[in-house]
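**Student:** Here you go, sequence then predicted model.
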Amino acid sequence: MSTIKVDNLTTTSGAGLYPAQAWANLNGTGTISIRADGNVSSFTDNGAGDYTMNFQNALQDANYSVVGRGGDSGTGQSQVKIITNGGFSGAPLQFTSSGVRIGATNADILNLCAQVSR
């Protein structure tokens, strides 16, 4: 495999391209497992529906954006909350999930996806 190292990515017209700094697709039920990822060393299972994403390489600063998605197959919708204890940093991110139909109680979810971009 070859490695390409660059400081900036742009289109041919000069518009910036901003790849994900980290991303993951997680099975959050039972013994949690990462299906696929980039720059994620592991997830910590903090309890029912409460996960921490640990980065393989720390982010360069606190100026990033996070998106998340979660859900089960046919058992109802879930919402994903991203918790930044003390604000953004290059440290791990914590996610909790609660079933929209079962109130505000955290619940394990089958599909958790997260992406961190800068």
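**Tutor:** Now that the structure is in, tell me what you want to look at.

**Student:** So which residues of this protein form strands?
**Tutor:** For the chain, the strands defined by DSSP state E cover 20-27, 33-38, 40-47, 50-55, 65-71, 78-83, 93-99, 111-117.

**Student:** Report the buried residues of the second one.
**Tutor:** In other words, strand 33-38. Under the neighbour-count criterion of 16 or more other Cβ atoms under 10 Å, strand 33-38 has Asp37 buried. For the C-beta atoms, the positions are set from N, CA and C on the backbone; glycine is no exception.

**Student:** okay, the strands of the chain in JSON lines with distance to Ser2 and mean pLDDT next?
**Tutor:** Formatted as JSON lines, the strands of the chain follow (distance: least, Cβ to Cβ, whole Å; pLDDT from 0 to 100):
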{"stretch": "strand 20-27", "distance to Ser2": "20", "mean pLDDT": "89"}
{"stretch": "strand 33-38", "distance to Ser2": "17", "mean pLDDT": "94"}
{"stretch": "strand 40-47", "distance to Ser2": "22", "mean pLDDT": "87"}
{"stretch": "strand 50-55", "distance to Ser2": "24", "mean pLDDT": "84"}
{"stretch": "strand 65-71", "distance to Ser2": "29", "mean pLDDT": "79"}
{"stretch": "strand 78-83", "distance to Ser2": "34", "mean pLDDT": "67"}
{"stretch": "strand 93-99", "distance to Ser2": "30", "mean pLDDT": "58"}
{"stretch": "strand 111-117", "distance to Ser2": "24", "mean pLDDT": "84"}
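
**Student:** who wins for proximity to Thr3 among those?
**Tutor:** Nearest of the strands of the chain to Thr3, taken as Cβ to Cβ: strand 33-38 at 14.3 Å.
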